[in-house]
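Participant: Give me the fold of what follows.
(one chain, ligands or ions: 1)
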Amino acid sequence: MSKIVAFGEIMLRLSTERHLRFSQSTAFGASYGGGEFNVCVSLANYGLDAEFVTRLPENEIGGSALKEMRKMNVESKNIIFGGERLGIYFLETGAGTRGSNVVYDRAHSSMATIEKGLVDWEKVLEGATWFHWSGITPAISQSAAEACLEAIKVAHKMGITISCDLNYRSKLWQYGKTPSEVMPEMLQYSNVILGDIDTAYFMLGIPKVNPNYQDEKSLPVLYTKLFDLIPNLKTVATTLRYSVSASHQRIGGVLFNGKAIYHAAVKEVTPVVDRVGSGDAFMGGLIYGLSQYENDNQKALDFAVAACCLKHTIAGDYNLVTLKEVENMLGGDSAGLVSR
Ligand SMILES: O=C(O)C(=O)C[C@H](O)[C@H](O)CO
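Facilitator: Okay, the predicted model is just below:
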């Protein structure tokens, strides 16, 4: 049985209703979310053993976030308490040609003030088969970056598969360091990376290129550069997304394993109910596919893309779909037929 442990921040999500602008809103819908936690929710829905490690404030709001983890069937026994507050993110939901907007209110959160040495990673990772982190944690503070690097090093020493979703957030990285100063050391231990070439090159400090994702010849060359720099890398994958509008997306995906390129067929997704968390849905699908369909990269990628497409139909951060629903979509059932 696979046991996946993820490390990151869970936040209170406050979103405007009915596509209202922030300035029009008199009420915000409250839910929870966070890139790495969303991945855990996907994996728990697929029946895997998923555990989330974070730091929560010791107050009722931290307690509510803990209840949320339990409600979503994500193991929370190793979370730590301390610090002053739970991070918040405000979401203004877009419509048509107006995209969504996120405003973070997470400075000095319990997770942003975590320090290395607070989590006993040898104990936490005992029995784990997979460790997942993302580029959000090193973006929130220097000490969170250090705590994350500590976890990554222990996972690597224990021979656990490590995945990273690059998750570049331009509104974070406010503490005086740039991604290319922090990410290369952290990424060198990763076996699986989710991210487009632009973001990967940017975070690794490689000069910018203009990738053509349909070019079967140059794509392996561009990806191979990542394999040269990251000695433990085995798989890199990304969604290939074309935004027709906020409510109409075309979604495919690509995966490279150091030898061959795999493409997933592009799917039309419209109307989009909520796009936030769709990258996490892809990541959750990829972890599921790579860990359960060993050696079948095409199936793993197709599963991740199907999961990502389904997420767009669900409000909130989480991909609340079952394994069967993703499999049905993979089997060609995306017509919205009534299941009887
Ligand atoms: O952007 C972040 O830092 C978040 O974690 C908020 C959302 O949950 C995340 O963007 C979804 O991927």
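Participant: Within range of the ligand, give me the residues from the protein.
Facilitator: For the chain, the contact set with the ligand under CB under 6 Å from any ligand atom comprises 33-35, 38, 89, 136, 169, 276-277, 279-280, 317. C-beta coordinates here come from the backbone N, C-alpha and C atoms, glycine included.
Participant: before we move on, what SS does the most centrally placed residue in the chain have?
Facilitator: Centrality entry for the chain: nearest residue to the mean C-alpha point is D280, 3.5 Å, by CA atoms, centre = their mean. Under DSSP: H, G, I helix; E, B strand; the rest coil, D280 falls in the helix class.
Participant: Quick check: pLDDT value at it.
Facilitator: D280 is assigned 98 on the pLDDT scale.
Participant: can you check K171 too?
Facilitator: On pLDDT, K171 comes in at 97.
Participant: what's the longest strand in the chain?
Facilitator: strand 235-245 (DSSP state E).
Participant: How about that strand, which residues are buried there?
Facilitator: Within strand 235-245, the residues that count as buried by 16 or more other CB atoms under 10 Å are 235-241.
Participant: Parallel or antiparallel, list what pairs with it.
Facilitator: strand 192-194 (parallel), strand 248-256 (antiparallel) (DSSP bridges).
Participant: Compare these and give me the one nearest I160.
Facilitator: Set against I160 and scored by CB to CB, the strands paired with strand 235-245 come closest in strand 192-194, at 11.7 Å.
Participant: Quick one: mean pLDDT over the closest one.
Facilitator: The model assigns strand 192-194 a mean pLDDT of 98.
Participant: Just send the strands paired with strand 235-245 back as CSV, with mean neighbour count too.
Facilitator: Shown next, in CSV, are those (neighbours: other CB atoms under 10 Å):
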stretch, mean neighbour count
strand 192-194, 26
strand 248-256, 22
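Participant: would CSV of those with distance to E58 be doable?
Facilitator: Formatted as CSV, those follow (distance: least, CB to CB, whole Å):
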stretch, distance to E58
strand 192-194, 33
strand 248-256, 40
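Participant: Can you pull out the low-pLDDT segments for the stretch 151-300 of the chain?
Facilitator: Along the stretch 151-300 of the chain, segments meeting pLDDT under 70 are nowhere present.
Participant: rerun at 90
Facilitator: Low-confidence segments of the stretch 151-300 of the chain, defined by pLDDT under 90: 208-219, 243, 245-247, 294-295.
Participant: Now the protein against the ligand: closest residue?
Facilitator: Residue nearest to the ligand within the chain (CB to the nearest ligand atom): G33, separated by 3.6 Å.
Participant: State the helix or strand in which the closest residue in space to that residue that isn't next to it in sequence lies.
Facilitator: Distances taken as CB to CB, 6 or more residues apart in numbering place D317 nearest to G33, at 2.9 Å, with adjacent residues excluded. If you go by DSSP states H and E, D317 is not part of any helix or strand.
Participant: For the residue of the chain closest to the ligand, list each beta-bridge partner.
Facilitator: Listed by DSSP bridges, the beta-bridge partners for G33 are M11.
Participant: how many other residues sit next to it?
Facilitator: 22 (other CB atoms under 10 Å).
Participant: Can you read off the pLDDT for it?
Facilitator: 98.
Participant: do the same with A335
Facilitator: Here, the pLDDT recorded for A335 equals 62.
Participant: tell me the helices in the stretch 51-200 of the chain, going along the chain?
Facilitator: 60-71, 121-124, 137-140, 142-157, 179-187, 197-204 (DSSP state H, counting those that start in this stretch).
Participant: Select, out of the ones you listed, the one closest to S291.
Facilitator: Smallest distance to S291 across the helices of the stretch 51-200 of the chain (CB to CB): 14.7 Å, for helix 142-157.
Participant: what angle separates the closest one from helix 179-187?
Facilitator: 30 degrees (axes from the mean of the first three to the mean of the last three CA atoms, to 10 degrees).
Participant: Buried ones in helix 142-157, by neighbour count?
Facilitator: Quick answer for helix 142-157 (16+ other CB under 10 Å): 143-145, 147-156.
Participant: a markdown table for the residues you listed, including distance to A264?
Facilitator: As requested, those are arranged in a markdown table below (distance: CB to CB, whole Å):
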| residue | distance to A264 |
| --- | --- |
| S143 | 38 |
| A144 | 33 |
| A145 | 32 |
| A147 | 34 |
| C148 | 29 |
| L149 | 32 |
| E150 | 35 |
| A151 | 31 |
| I152 | 28 |
| K153 | 33 |
| V154 | 33 |
| A155 | 28 |
| H156 | 29 |
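Participant: Identify the farthest-apart pair in those.
Facilitator: Among those, S143 and H156 lie farthest apart (CB to CB), at 20.4 Å.
Participant: so what's the nearest residue to the residue nearest to the centre of the chain once chain neighbours are set aside up against?
Facilitator: Distances taken as CB to CB, 6+ apart place N38 nearest to D280, at 3.6 Å, with adjacent residues excluded. Neighbour list for N38: 277, 280-281, 284, 317-319 [criterion: CB atoms under 8 Å, 6 or more residues apart in numbering].
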